[in-house]
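A.B. asks: Sequence unavailable; structure follows:
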């Protein structure tokens with residue numbers, strides 16, 4: 001009898017979770033995989049442009065040093081961390097109401113608490129604490145009490 005065909009899985013969404021799921025499934029050797037995304041080229045090699053010709057990102061894709069799975073992937077691919085991760089950059093998020101926040105994408109950035117304790121490397125904090133502490137003052141349109149609830153929720157979700 002001929003061997004049974006391998007199951008075929010479709011992963012919807014080429015964000016980090018989708019790429020990770022498709023990679024794991026494909027590496028298992030026990031199935032075939034199709035990865036679908038809203039973008040025609042979810043690798044980012046071909047810019048996705050708005051109707052006015054401006055580059056836009058349909059989802060959030062980035063390399064942050066504080067995600068151990070990304071560091072493992074960089075190692076697995078034999079890439080140099082210095083070629084993948086930057087020391088510091090910013091990513092601005094917009095809504096229909098305008099700019100919402102400019103958030104850090106960092107590796108070597110530190111949280112300086114005014115000399116009370118030595119500066120803390122933000123990338124060494126559990127994710128997403130580094131981003132929360134670094135962006136806390138950046139959410140200018142949110143009342144401080146709402147921002148504080150975000151820090152509290154992040155701490156309690158660990």
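C.D. replies: Done, it's in. Since we're looking at a predicted model, the values are computed, not measured.
A.B. asks: pLDDT weak spots in the protein?
C.D. replies: For the chain, residues meeting the criterion pLDDT under 70 lie at 44, 57-67, 84-91, 103-109, 122-140, 142, 147-158.
A.B. asks: let's see it at 80
C.D. replies: 15-16, 41-47, 55-71, 73-74, 81-95, 99-115, 120-158 (pLDDT under 80).
A.B. asks: Run through the helices of it in chain order.
C.D. replies: Secondary structure of the chain (DSSP state H): helices at 16-28, 68-76, 81-84, 129-135, 144-156.
A.B. asks: elements contacting the third one?
C.D. replies: Same thing as helix 81-84. helix 68-76 (3 or more CB pairs under 8 Å, 6 or more residues apart in numbering; DSSP states H and E). Using the backbone N, CA and C atoms, a C-beta is placed for each residue, glycine as well.
A.B. asks: Okay, angle between the helix it packs on and helix 16-28 too, please.
C.D. replies: Relative orientation of helix 68-76 and helix 16-28, computed by axes from the mean of the first three to the mean of the last three CA atoms, to 10 degrees: 50 degrees.
A.B. asks: which strands and helices sit next to helix 68-76?
C.D. replies: helix 16-28, helix 81-84.
A.B. asks: a markdown table for those, including distance to residue 36 and mean neighbour count?
C.D. replies: Below are the helices and strands packed on helix 68-76 laid out as a markdown table (distance: least, CB to CB, whole Å; neighbours: other CB atoms under 10 Å):
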| stretch | distance to residue 36 | mean neighbour count |
| --- | --- | --- |
| helix 16-28 | 8 | 15 |
| helix 81-84 | 26 | 11 |
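A.B. asks: how about JSON lines for the ones you listed, with distance to residue 115 added?
C.D. replies: Written out in JSON lines, the entries for the helices and strands packed on helix 68-76 read as follows (distance: least, CB to CB, whole Å):
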{"stretch": "helix 16-28", "distance to residue 115": "36"}
{"stretch": "helix 81-84", "distance to residue 115": "30"}
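A.B. asks: Neighbours of residue 51, how many?
C.D. replies: By the criterion of other CB atoms under 10 Å, residue 51 has 6 neighbours.
A.B. asks: swap that for residue 14, please
C.D. replies: Neighbours around residue 14, by other CB under 10 Å: 21.
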